[in-house]
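*Asks:* Provided below for reference: sequence and predicted model.
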Amino acid sequence: MDLATLTLSEIEQGWHTTATAYICNYCGQDFQQDQVFHLHDAFYPAAEMINHHIQSAHPDAINQLIQSSSKYNTLTTKQRDLLVAFSQGVKDATIAQDNHVAAATIRHQKFTFREKAKQAKLYLAIYNQVFNNPERDTPIALPLATQANGPIAITQRDYHQILQKYFEPGDKLRLKRWPKQHKAILAVLKRVSLEIPTTQHFTERTMNDLLVPIFDDYVRLRRYLIDYGFLARTADGQDYWRLTFKE
């Protein structure tokens, strides 16, 4: 069983798939997806046959997992013995008697296993978000005006890293300093624009009131928002509104 290439679900169910077949994790027997299998006067597609195979050929599959010789199995011998007993439904009192310990000790070990499972669940969630999240590599939506100096793409990963670098932590949006790089400027403008309602028009004064808490040089911020297509205004500068674009 190659734990490095199998998903959690594939390890739990005992089989995995290729483009053409269902493969048993334990013995490697394959069931071709385009075949039908005869068993006990009935016929089964490969998707059902693989489960019949696991149940009949590997009834001790849970024990095989527990006793796996994989380098990733860090369970001690005592922990493995306890898990085998738990999987077989042996009562805590019986396990305690067989191991010459108090029943409370066995209950505590169950609690420890549950805590380790919670830790593993959180680690997997963190790992998947960091390394296996395709959305982090998708570009954020920007107005067409941002392409004036040539095509540019900012991924979700870039976007969030830039925000962490240039904005103060906390609930209120506050820009630390004006960025120098074009990509960082666009990311900052994108974030600031989200603070401006799309269903409302502003005078110059009310727009300034909205931008002043975000950045001291609110005039520059306002000008860039307009130049890069996040904001629009009338020729006399009396009416401002946020532009919408395809997300």
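*Replies:* Arrived safely.
*Asks:* Next, name the residue at the spatial heart of this protein.
*Replies:* Gln129 (3.3 Å; Cα atoms, centre = their mean).
*Asks:* Any stretches of this protein with poor pLDDT?
*Replies:* The chain contains residues with pLDDT under 70 at 1, 3, 133-136, 147-151, 246-247.
*Asks:* what distance separates the top helix by length along it from the centre of its chain?
*Replies:* Among the segments of the chain that qualify as a helix by DSSP state H, the longest is helix 103-131. Helix 103-131 sits 18 Å away from the centroid of its parent chain (Cα atoms, centre = their mean, to the nearest Å).
*Asks:* residues of it that come out buried?
*Replies:* Ile106, Gln109 (16 or more other Cβ atoms under 10 Å). No exception for glycine: its C-beta is placed from N, CA and C like everyone else's.
*Asks:* go on, stretch 188-197?
*Replies:* So, applying 16+ other Cβ under 10 Å, buried residues of stretch 188-197: Val188, Leu189, Lys190, Arg191, Val192, Ser193, Ile196.
*Asks:* roughly how far out does that stretch sit from the chain middle?
*Replies:* 25 Å.
*Asks:* Residues contacting it, please?
*Replies:* Under the criterion Cβ atoms under 8 Å, 6 or more residues apart in numbering, residues 140, 142, 154, 159, 162-163, 166-167, 173, 175, 179, 202, 210-211, 214-215, 221, 224-225, 228, 230-231, 242 lie in contact with stretch 188-197.
*Asks:* Would you mind checking the residues you listed for buried ones?
*Replies:* By neighbour count, with 16+ other Cβ under 10 Å, the contacts of stretch 188-197 hold 140, 142, 154, 159, 162-163, 166-167, 175, 179, 202, 210-211, 214-215, 221, 224-225, 228, 230-231, 242 as buried.
*Asks:* sorry, back to before: mind checking which of the contacts of stretch 188-197 are in strands?
*Replies:* Among those, the members found in strands (DSSP state E) are Phe202, Leu231, Arg242.
*Asks:* Just the closest of those residues to Ser70, please.
*Replies:* Arg242 (55.1 Å; Cβ to Cβ).
*Asks:* thought the closest one was touching Arg233?
*Replies:* No: Arg242 is not in contact with Arg233 according to Cβ atoms under 8 Å; the separation is 10.7 Å.
*Asks:* hey, what's in contact with both of the two?
*Replies:* Joint contacts of Arg242 and Arg233 (Cβ under 8 Å, 6+ apart) do not exist.
*Asks:* Which of the three states applies to Ala187?
*Replies:* Secondary structure of Ala187, reduced to three states by DSSP: H, G, I helix; E, B strand; the rest coil: helix.
*Asks:* got a list of what the closest residue to it other than its chain neighbours touches?
*Replies:* Using Cβ to Cβ, 6 or more residues apart in numbering and skipping residues adjacent in sequence, the residue nearest Ala187 is Ile162, 4.0 Å away. Neighbouring residues of Ile162 by Cβ under 8 Å, 6+ apart: Ile154, Pro179, Lys183, Ala184, Ala187, Val188.
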